[in-house]
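Just need the structure, nothing else, for what follows:
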Amino acid sequence: MSNGRILVVEDDFDISNMLRIYFTGQGYNVEVAARGSDALALTRKQSPDLIVLDIMLPDMDGYAVCRELRTTTRTSHIPIIFLTQRDERSDRIAGLELGADDYITKPFDIEELKLRVRTAIRSYQRLNMTDPRTGLPSSRLIEDQLRELMRSQNWSYIEVGIENIAPFNDAYGFVAADEVLRFTALLMNEVVDDFGTADDFLGHTGGTAFVIITFSRDVPKITTTLEKKFDEGILTHYNFMDREQGGIRQADGLISPLMYLSIGVVSSNTQQFSDIREITETAAEMRRRDAENKHQLQSK
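Got it, this is the predicted structure:
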């Protein structure tokens, strides 16, 4: 299992390649971006567990990248370590004021950087900030977003669940099941990027349940596109025989159907809520009904 995902934002190829090779050898999944705009695009696609961010970049400086990440709901939680040649106190303070978690100057001690990276990732995971399998915000950050909703308007809370994953886990193993979770997280990021807003939020509540908080005016477009893309993409996680027979054959000879999404949606535009628990419980009930309806359709 990976120790986490690191995004290195550095335009010096020698440094970025060295960091990629070193941290890959330490058990991390490492992506590299040479430009600030590329880094922002990658974080929208899939949130890393940590960003090592150089300040001097060819298109926009690291401060601007950090500011954009911190003011965008979907990326505001990601730990950031600034990596720079600047050693002025004012520069360090500027970075920390923008919300950076740490600051290290070049030339740096790779062992020191390793410890800082490991500490930052573990701290966030220990505080239930992110789910280690998907990289999405988890319980504490989700609760924070729900509290914000009580003071907001024109939002929709979408609970998304993966149905029939238990038989898949039994047949293919937990590593393959974790890949399904990561696939779903990537898909949610892609769909919200296409049809959501900059203030939207994605979370992984644990197990097979996810949440989307969106201010989009076209929620049906988000949910229908998500379901369609999931139904198409999930087929690649099954072998040829299971795809052909529409599921996994159990010991009793019955077929356990392919995985699908169940979705429950609640909105401030159609209902008033007194507390965050009412939001989550109502969405969970809507999702349960959706799962039952789809199960009945599969059984016919």
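
Tabulate the CA atom coordinates of the helix or strand hosting residue 31 in CSV.
Secondary structure from DSSP states H and E places residue 31 in strand 29-33. These are the backbone C-alpha positions of strand 29-33, laid out as CSV (Å, rounded to 0.1, in the frame of the first residue of the first chain):
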residue,chain,number,x,y,z
ASN,A,29,3.1,7.8,-5.5
VAL,A,30,4.7,10.9,-7.0
GLU,A,31,3.5,13.2,-9.7
VAL,A,32,5.5,16.2,-11.1
ALA,A,33,4.3,19.5,-12.5
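
Sheet partners, orientation included, of that strand?
Sheet partners assigned to strand 29-33 using DSSP bridges are listed as strand 5-9 (parallel).

Which pLDDT value belongs to the closest residue to residue 149 other than its chain neighbours?
Counting by Cβ to Cβ, 6 or more residues apart in numbering, residue 149 lies nearest to residue 155, which is 5.6 Å off, once chain neighbours are set aside. For every residue, glycine as well, the C-beta is placed using N, CA and C. As summarised for this prediction, residue 155 has a pLDDT of 97.

what's the distance between residue 155 and residue 29?
The spacing between residue 155 and residue 29, counted by Cβ to Cβ, to the nearest Å, is 33 Å.

These two: which is more packed in?
More crowded of residue 155 and residue 29, by other Cβ atoms under 10 Å: residue 155, with 21 against 16.

contacting residues around the more buried one?
Residue 155 makes contact with 149, 213-215, 267-268 under the criterion Cβ atoms under 8 Å, 6 or more residues apart in numbering.

Tell me the pLDDT of residue 91.
At residue 91 the predicted local distance difference test score is 69.

Please apply the same query to residue 128.
Reading off the confidence values, residue 128 has pLDDT 59.

repeat for the one 5 residues further on
At residue 133, the model reports a pLDDT of 86.

what does the one 5 residues further on give?
For residue 138, the model assigns a pLDDT of 87.

now residue 141: how far from residue 76?
As judged by Cβ to Cβ, residue 141 and residue 76 stand 9 Å apart.

go on, residue 16?
When Cβ to Cβ is the yardstick, residue 16 and residue 76 sit 24 Å from each other.

quick one: which of those two has more around it?
When residue 16 and residue 76 are compared on other Cβ under 10 Å, the one with more neighbours turns out to be residue 16, at 20 against 15.

where's the more buried one, which helix or strand?
Assigning secondary structure by DSSP H and E places residue 16 in helix 13-25.

tell me the contacts of residue 182?
With contact taken as Cβ under 8 Å, 6+ apart, residue 182 is in contact with 133-134.

ok, 10 Å please
When contacts are counted by Cβ atoms under 10 Å, 6 or more residues apart in numbering, residue 182 is found next to 5, 46, 133-136.
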